[in-house]
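**Q** Predicted model and sequence below, questions to follow.
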Amino acid sequence: MMTNLLSQDTAVKFNIGGAVHEYTWNYQNQSVRVVYEILGNGTPVLLLPAFSTVSMRSEMSGIAKQLSPHFQTIAVDFPGFGDSSRPAFDYQPAIYHQFLRDFIINCLQTPIAVVAAGHSSAYVLELANKQPSLFSRIVLVAPTWRGPLPTMGLSRDQADIGKNLVRSPIVGQLLYKLNTAPSFLSWMYRRHVYVDANKLTPEFVEHKWRNTQKSGARFAPAAFVTGNLDAVHSRTEYLELASRLNIPLMVIIGESSPPKSRADMDALAALPNVISVTLPGTLGMHEEYSQEVVEAITPFL
């Protein structure tokens, strides 16, 4: 059972602790409130969390705090996730392509250094190909490009059926509730997000669970899980985005990443224009092993 005392403790424990800002983003004549947080001073670095059912800027807390003595860190909640608005859009890659471009141009100094975790990596690579002047250097941490259900072998049609079920009013709410129960979140983290299960404390799981319970919370995660937020559709396409870049590019590989994801990371790291480092961790290494990640990326930044 979640207690009020536990909630108050977790609200402080996992926060970044910076100045919280709001950006009103206009998408198809609708205003979307986007929350971002700034910590530190110096050269700005944009921190992009991984897309997931529990995606939120606080997962970049460790990286933000450890970079903040030397850099100004900016961590953002994507539309549909975290503390940002969660409208019932039919979430597609075009939404996040436009958002990332608009946010960088309207809110940040360019060119900007960026640290992108997981699925956000493909969006950064695509924008960097289209508008390279926006970026000074790019770090991808445990980068992925394919959503969970397609990775498990589900076809596009099957994945779309799943997305539409989760979007439906009654059945969708029930499915989402089952897939965001604290016990399921803990199982998910043990399976492929964290290496050390001892770090999955009740406080940690509650922090993640509360993020999933906000109004409209199921729409964007349903799109991610079913592969509808995949910015590319093949490893070849993903590698081509990276190989064409003239911007300094560093890839951090989680040594315990699931086999398919690890193969994608290794292929990316093998490109001649990529600097790569392999560190402990898996798909959540940007949060679980933030100290090791910061030690590796600081000289590059």
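**A** Now that the structure is in, tell me what you want to look at. Residues are numbered from 1 along each chain as shown.
**Q** Okay, helices next: where are they in the stretch 101-250 of the chain?
**A** 120-130, 148-151, 156-167, 171-179, 182-188, 202-211, 219-225, 235-243 (DSSP state H, counting those that start in this stretch).
**Q** Worst mean pLDDT among those helices?
**A** If these are sorted by mean pLDDT, helix 156-167 sits at the bottom with a mean of 70.
**Q** Let me know the next secondary structure element after the lowest-mean-pLDDT helix or strand in the chain.
**A** Taking mean pLDDT, DSSP states H and E as the measure, the chain has helix 4-13 as its least confident helix or strand, at a mean of 55. The element immediately downstream of helix 4-13 (helix or strand, assigned by DSSP states H and E) is strand 19-27.
**Q** what's the angle from the following helix or strand past that next one to strand 19-27?
**A** Next along the chain after strand 19-27, taking DSSP H and E as the criterion, comes strand 30-39. Inter-element angle recorded for strand 30-39 and strand 19-27: 150 degrees (by axes from the mean of the first three to the mean of the last three Cα atoms, to 10 degrees).
**Q** Leaving out sequence neighbours, find the closest residue to Lys208.
**A** Val54 (4.4 Å; Cβ to Cβ, 6 or more residues apart in numbering). The way it works is simple: take the backbone N, C-alpha and C, and place the C-beta from them, glycine included.
**Q** Next, count neighbours for the one you found.
**A** For Val54, the count of nearby residues is 25 (other Cβ atoms under 10 Å).
**Q** So for Tyr96, what's the pLDDT?
**A** At Tyr96, the model reports a pLDDT of 98.
**Q** Roughly how far does it sit from Phe78?
**A** Here the distance between Tyr96 and Phe78 works out to 7 Å (Cβ to Cβ, to the nearest Å).
**Q** Please give me every residue in contact with the most centrally placed residue in the chain.
**A** Using Cα atoms, centre = their mean, the residue of the chain that lies closest to the mean C-alpha position is Ala50, 1.4 Å off. If you count contacts by Cβ atoms under 8 Å, 6 or more residues apart in numbering, Ala50 has them with Glu59, Ala117, Gly118, His119, Ser120, Ala142, Thr144, Leu283, Gly284, His286.
**Q** Inside strands: which ones of the residues you listed?
**A** Assignment to strands by DSSP state E places the following of the contacts of Ala50 there: Ala117.
**Q** Could I get the contacts of Ala50 in a markdown table, plus columns for distance to Val193 and neighbour count?
**A** Supplementary listing: those in a markdown table, determined by distance: Cβ to Cβ, whole Å; neighbours: other Cβ atoms under 10 Å:
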| residue | distance to Val193 | neighbour count |
| --- | --- | --- |
| Glu59 | 10 | 28 |
| Ala117 | 11 | 29 |
| Gly118 | 10 | 26 |
| His119 | 13 | 26 |
| Ser120 | 15 | 27 |
| Ala142 | 10 | 27 |
| Thr144 | 12 | 25 |
| Leu283 | 5 | 27 |
| Gly284 | 4 | 24 |
| His286 | 10 | 27 |
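**Q** tell me which of the contacts of Ala50 is nearest to Tyr91?
**A** His119 (12.4 Å; Cβ to Cβ).
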